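# Predicted model and sequence below, questions to follow.
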Amino acid sequence: MANDFGKNLAVNAATKVRPDRWLNPLIVATMIGSVALLTVALLTWQRPFGGQLQLQARDVAPYDIVSPSEISYESSLLTEQARERAAQGIPDQYDFTEGRVRRQQVSRSREILEFVTIVRNDPYATPERQNDYLLAISDLNLTPEMALHIEQLSPEEWEDVLVEVPLALDRAMREEIRDTTLPLVKRRVPSLISADLSEEASVVTADLVRALLRPNSFYNEARTEELREQARNAVPVQTVSLARGETILRAGDVVRPEDVEALVQIGLLQREWDRWSLVRALAITILVLAVIIGAIYRLRPQTWHNYQEMAVLVVLTVLWLLVAKFLIIPHDWLPFLYPLAALGMLITALVDLRVAIIFTIGFSLIVHFLGSNNPTLVTYMCTGSIIGALALGRAERLSAFFWSGLAVAGSNLLSYMAHRTLFLEFELGTVTLPLFQGYLVAALSGGVSASVALVGYFLLGNLFNITTSLQLTELSRPTHPLLRQLLLKAPGTYHHTIVVSNLAERAAAAVGADAFLTRVGAYYHDIGKTVRPYFFTENIADNPSPHDKLDPLTSAQIIISHVSDGVDLAQKYRLPLRIQDFIREHHGKTLTQYFYTQAQRTATNGSAVNEEDFRYPGPRPRSKETAILLLADTCEAAVRAVRPATREDLERLVRKLIDERTSEGELDESNLTFKDLQTIREVFLQVLQGVHHPRISYPEPVTEQEAPPNGDGVAAPETNGTGESGERIVPRGAPLPPGGVEEDAIPAVVVQGAERARRV
């Protein structure tokens, strides 16, 4: 079922069925939107193991709750509690200014006592008036009773008060007095007063001293906060470790805040909704998607039109996001084995190296978000992934995965050693790895990534019918049954195929197409000729042509049928769909010009010849690779048939062939640019000149009586010109071969030249 799905998807991608002109943008937008929504959901969903509990502090545990895995995490709650305890251990800081405040208050006491003396001795003041004056002294805040006691003292007692108040106040304020200790000092004032005073004088003296007492030590808030902050910072982060199966809560236990934190960290408790988590998730998702979309659009735009590659990228993104969520969140040692390198290897093997590097960087940002914003984890994974993708290359052999995994392990080991050297520990997430365990994890990560990549390579390649480099390597072996049949049944076609494959491969490499795919596709493009090999001139040798006994239409249908025969053989031997595209498209919708001309010549009674009967059914080439094969097949066949004598003749012929295929619209769907065509033309000239270079025709030995025909001792080669441009089209007397090397691919310019040569 999965293979059928992949086959249907691949067929749809190969045929580019577009029932609606908005289908392609709609599919791409749907894929991107789905990945974006999944990314946001995973980044904001804080329940990696289900989040089945909904408890809060002071709830009662309904049953025993144990840790599902070993975990070590930094407890922000316990750390904050420890820091607060350390801060509270620092007492309030005061500045003791004993001398200044004491002298100020003693001086003030003398001024007040002098004023009270004046009030007491005022002969014109009534008792009520004196009482008002005393109550108006703001620094004393006397009560009416205290004012009355002062007024009732005798002159002798008041003299004692005048002497004792400054002395007692001075004694009281020599010790440190704070706002908090002022009431205590006031209670001790009577013990500081001389016992020689009368009871009434002692009471008044004590009242006045209490009223004049002021704090002489003041709270220093800045100094206090500084010391408390230092105490907070001195407290290390509190780490909590839970073993697998360790009981966190027993049934009936009252849930404490630290229990809630443990349940959240282990992933058993649903966290409260955090709107900022959503904002951060949206921001990182937009950033990652923008980087990936922009880079792919600039570096590999054909991916947007390849539904197979798009489907592979979406599937890999979803799978690796899920794996990242479950491996990185628990803060266990498992994050160190997260196979991000395998993602890079898979995308390199199935899509493109540049796309793999782009995705690796994007996923590193996501890992950075999931991994508590830990740059060490990102560096560890990103470097290993890029190194692994670069080491894998084209993945043409299984051993490439082994060497790639080894490169990942080496990169991780170097990352480990670098962090050990710089930080004396290798900390990822919240787990600090010992020396030996760090080496072990770094080595295992390379093996795990290579194994995952190899398994995914075969599974995804089969699921989506993607032609992998390993498949191409196997198909390129001469021992493949179809190539063996081609060699044994149609040796001329086999030789033609080898030449065309070299020609197409060079051109594909020059324009940035897939040269390896082009070469292998060229190997199989003519396998249909093995069904009726002797209807093609390259396999006839000196035997009579069977086309001499057939009418042009029948001959044309036989020639055209080698495409459908080739597709049938390809399906029988389960060749990849990309290879089948080369068979279907290597003639496009071109015309079998020779047989069409013959049919027109032999038509009787002015009957019209249906051109479509002599035309290949197509489709036209829809990729650079198949278009290059069409041009290479056409040019090689024409050059073999025409045999131009000079480089100028060869250049004119190749240019005419390419221009004719372009004007016929055969390249309209191939994405080849005019610059590409110019490059292809130059490569073709270089290769064809080496393969089909002209040779001098040496004459038979002559006797002394015979004079050299051209006067230089060398017989001139027999040639036949057109009489028009001077280009050599065909040798004199050479018959136009029905069913020739690729007579069906030779355009009208060659047929017309041959007809002119026939008339000479």
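Happy to help now that I have it. The structure presented is a predicted model; accordingly, all values stated were derived computationally and were not measured.
# isn't residue 691 right up against residue 499?
Yes: Residue 691 is within contact range of residue 499, at 6.0 Å (criterion: Cβ atoms under 8 Å). No exception for glycine: its C-beta is placed from N, CA and C like everyone else's.
# Pull up the overlap in contacts between those two.
residue 636 (Cβ atoms under 8 Å, 6 or more residues apart in numbering).
# Show me which of those two is the more surrounded one.
residue 499 (20 against 12; other Cβ atoms under 10 Å).
# so which strand or helix has the more buried one?
According to DSSP states H and E, residue 499 maps onto helix 491-510.
# distance between that helix and the chain's centre?
Relative to the mean C-alpha coordinate of its chain, helix 491-510 is positioned 38 Å out (Cα atoms, centre = their mean, to the nearest Å).
# Send me that helix as PDB with only the CA atoms.
Only the C-alpha atoms of helix 491-510 are listed here, as PDB (Å, rounded to 0.1, in the frame of the first residue of the first chain):
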ATOM      1  CA  PRO A 491      25.800  -4.400 -30.300                       C
ATOM      2  CA  GLY A 492      25.700  -1.300 -32.600                       C
ATOM      3  CA  THR A 493      23.100   0.300 -30.400                       C
ATOM      4  CA  TYR A 494      25.200  -0.600 -27.300                       C
ATOM      5  CA  HIS A 495      28.100   1.300 -28.800                       C
ATOM      6  CA  HIS A 496      25.900   4.200 -29.700                       C
ATOM      7  CA  THR A 497      24.600   4.200 -26.200                       C
ATOM      8  CA  ILE A 498      28.100   4.400 -24.700                       C
ATOM      9  CA  VAL A 499      29.000   7.300 -26.900                       C
ATOM     10  CA  VAL A 500      25.800   9.200 -26.100                       C
ATOM     11  CA  SER A 501      26.100   8.600 -22.400                       C
ATOM     12  CA  ASN A 502      29.600  10.100 -22.400                       C
ATOM     13  CA  LEU A 503      28.400  13.100 -24.400                       C
ATOM     14  CA  ALA A 504      25.300  13.600 -22.200                       C
ATOM     15  CA  GLU A 505      27.200  13.200 -19.000                       C
ATOM     16  CA  ARG A 506      29.800  15.900 -19.900                       C
ATOM     17  CA  ALA A 507      27.000  18.300 -21.000                       C
ATOM     18  CA  ALA A 508      25.000  17.700 -17.800                       C
ATOM     19  CA  ALA A 509      28.000  18.300 -15.600                       C
ATOM     20  CA  ALA A 510      28.700  21.600 -17.500                       C
END
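# just checking, what packs against it?
helix 481-489, helix 515-524, helix 624-642, helix 674-691 (3 or more Cβ pairs under 8 Å, 6 or more residues apart in numbering; DSSP states H and E).
# and the next element down the chain from the second one?
Which is helix 515-524. From helix 515-524, the next helix or strand downstream (DSSP H and E) is helix 552-572.
# May I see the buried residues of that following helix?
Neighbour counts over helix 552-572 (16 or more other Cβ atoms under 10 Å) mark 552-553, 555-556, 558-563, 565-567, 569-570 as buried.
# Can I get that helix in PDB, CA atoms only?
What follows is helix 552-572, C-alpha atoms only, in PDB (Å, rounded to 0.1, in the frame of the first residue of the first chain):
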ATOM      1  CA  PRO A 552       7.200   3.900 -44.800                       C
ATOM      2  CA  LEU A 553       4.400   4.000 -42.300                       C
ATOM      3  CA  THR A 554       5.100   0.400 -41.100                       C
ATOM      4  CA  SER A 555       8.800   1.200 -40.900                       C
ATOM      5  CA  ALA A 556       8.100   4.400 -38.900                       C
ATOM      6  CA  GLN A 557       5.800   2.600 -36.500                       C
ATOM      7  CA  ILE A 558       8.500   0.000 -35.900                       C
ATOM      8  CA  ILE A 559      11.100   2.700 -35.300                       C
ATOM      9  CA  ILE A 560       8.700   4.600 -33.000                       C
ATOM     10  CA  SER A 561       7.800   1.500 -31.100                       C
ATOM     11  CA  HIS A 562      11.300   1.100 -29.600                       C
ATOM     12  CA  VAL A 563      10.200   3.700 -27.000                       C
ATOM     13  CA  SER A 564       7.100   1.800 -25.800                       C
ATOM     14  CA  ASP A 565       9.100  -1.400 -26.000                       C
ATOM     15  CA  GLY A 566      11.800   0.100 -23.800                       C
ATOM     16  CA  VAL A 567       9.200   1.300 -21.300                       C
ATOM     17  CA  ASP A 568       7.700  -2.200 -21.100                       C
ATOM     18  CA  LEU A 569      11.200  -3.700 -20.500                       C
ATOM     19  CA  ALA A 570      11.900  -1.000 -17.900                       C
ATOM     20  CA  GLN A 571       8.800  -1.800 -16.000                       C
ATOM     21  CA  LYS A 572       9.400  -5.500 -16.300                       C
END
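# Just want the angle from that helix to helix 481-489.
140 degrees (axes from the mean of the first three to the mean of the last three Cα atoms, to 10 degrees).
# and helix 552-572, what does it pack onto?
Using 3+ Cβ pairs under 8 Å, 6+ apart: helix 552-572 touches helix 577-585, helix 593-602.
# now the last one: mean pLDDT?
Taken as a whole, helix 593-602 has a mean pLDDT of 88.
# Check which helices and strands that helix sits against.
Partner elements for helix 593-602 (3+ Cβ pairs under 8 Å, 6+ apart): helix 552-572, helix 748-759.
# and the angle for the longest one with helix 515-524?
If I follow you right, that is helix 552-572. Computed with the same axes, to 10 degrees, the direction of helix 552-572 lies at 130 degrees from that of helix 515-524.
# hang on, the earlier thing: of the helices and strands packed on helix 552-572, which stretch is the most buried?
helix 577-585 (a mean of 24; mean count of other Cβ atoms under 10 Å).
# Identify the residues contacting that one?
7, 10-11, 14, 465, 467, 475, 517, 520-522, 524-525, 527-528, 563, 566-567, 570-571, 618-623, 625-627, 629-630.
# what do you get if the cut-off is 6 Å, keeping everything else the same?
Identification of contacts with helix 577-585 by Cβ atoms under 6 Å, 6 or more residues apart in numbering yields 10, 14, 465, 467, 521, 524-525, 566-567, 570, 619, 621, 626, 629.
# Can you give me the distance of the closest residue to residue 566 other than its chain neighbours to residue 642?
Excluding its sequence neighbours, the residue lying closest to residue 566 (Cβ to Cβ, 6 or more residues apart in numbering) is residue 528, at 2.9 Å. Counting by Cβ to Cβ, to the nearest Å, the gap from residue 528 to residue 642 is 25 Å.
# Provide the count of other residues in contact range of the nearest residue to residue 616 once chain neighbours are set aside.
Taking Cβ to Cβ, 6+ apart, and ignoring the residues beside it in sequence, residue 616 has residue 587 as its nearest neighbour in space, at 4.2 Å. Residue 587: 28 surrounding residues under other Cβ under 10 Å.
# where does the stretch 601-750 of the chain dip in pLDDT?
Where the stretch 601-750 of the chain drops to pLDDT under 70, the residues are 605-606, 692-750.
# at 50 what do you get?
When residues are selected by pLDDT under 50, those of the stretch 601-750 of the chain lie in 704-745, 749-750.
# Quick one: mean pLDDT for the helix ranked longest in the chain?
For the chain, the helix that runs over the most residues, judged by DSSP state H, is helix 435-463. Per-residue pLDDT over helix 435-463 has a mean of 83.
# and it, what does it pack onto?
Applying 3 or more Cβ pairs under 6 Å, 6 or more residues apart in numbering; DSSP states H and E, we find helix 435-463 packed against helix 340-350, helix 399-423.
# for the next helix or strand after that helix, packing partners?
Toward the C-terminus, helix 435-463 is succeeded by helix 469-475 as the next helix or strand (DSSP H and E). Identification of packing neighbours for helix 469-475 by 3+ Cβ pairs under 6 Å, 6+ apart yields helix 515-524.
# The helix it packs on packs against which elements?
helix 469-475, helix 491-510, helix 577-585, helix 624-642.
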